[in-house]
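> structure for the following, please:
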Amino acid sequence: MKFLVDAQLPIRLCQLLRERGHDAVHTRDLNSGNRTPDSEIIRIADSEGRIVVTKDSDFVDSFLLRNQPQRLMLVATGNIGNTELVQLMMKVLPAVIDAFEKAYYIEINHRLMVIHE
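Numbers count the residues shown, from 1 in each chain. Take a look at the predicted model:
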C-alpha cells in the first residue's frame, strides 16, 4: 500500500511502513516539507493513490464533506510518545492493511480500530 504520513507524526512511523514493504512518504520529503498545505497533501495523496495518515481532524472534515482525501487513516491517540505510537502501529498494521481493502477511512486509538465504510 501507499501512504503519505502527515507532519505531526514521526518519521519513524514512515520508516516502519517502509520496513513492512509499503511505499511511504512523509511530508518532510515533499517540496515544501512539513509546511506543505493540507490541500497539497490531499492533491498528492489522491493523485498517487496514497492513504493520508494523520492526527489532524481537518482531514476528517475534508473527507466527510468533499471525499478528499480519497483514503484516510486518523491516528486518534492523543499525545503519546513516538515509541508507543510505533509499537501501536506495528500491532495494528496487519488489520489496517486488511481494512483498507474495502474501507476508505479508518480511525485507530489505543484500544480499537474503527472502520468507516
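> strands of the protein, start to end?
Taking DSSP state E to define them, one finds strands in the chain at 2-5, 23-26, 51-54, 72-75, 105-108, 113-116.
> and those strands, which is most packed in?
Comparing these by mean neighbour count (mean count of other CB atoms under 10 Å), strand 51-54 ranks first with a mean of 25. Every residue, glycine included, has its C-beta placed from N, CA and C.
> if we can go back for a sec, could I get the strands of the chain in a markdown table, plus columns for distance to residue 89 and mean pLDDT?
Listed next are the strands of the chain as a markdown table, based on distance: least, CB to CB, whole Å; pLDDT from 0 to 100:
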| stretch | distance to residue 89 | mean pLDDT |
| --- | --- | --- |
| strand 2-5 | 10 | 98 |
| strand 23-26 | 11 | 98 |
| strand 51-54 | 9 | 98 |
| strand 72-75 | 8 | 97 |
| strand 105-108 | 8 | 97 |
| strand 113-116 | 11 | 92 |
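> residue contacts, residue 40?
Contacts for residue 40 (CB atoms under 8 Å, 6 or more residues apart in numbering) come out as 30, 32.
> 451 is where my numbering starts, stick with that
Okay, using 451 as the starting number, the last item reads as residue 490.
> what about the longest helix in this protein?
Counting residues, the longest helix found in the chain (DSSP state H) is helix 532-549.
> which elements pack onto that helix?
Secondary-structure packing of helix 532-549 (3 or more CB pairs under 8 Å, 6 or more residues apart in numbering; DSSP states H and E): helix 461-469, strand 555-558, strand 563-566.
> partners of the second one in the sheet?
In the sheet containing strand 555-558, the strands it pairs with under DSSP bridges are strand 522-525 (parallel), strand 563-566 (antiparallel).
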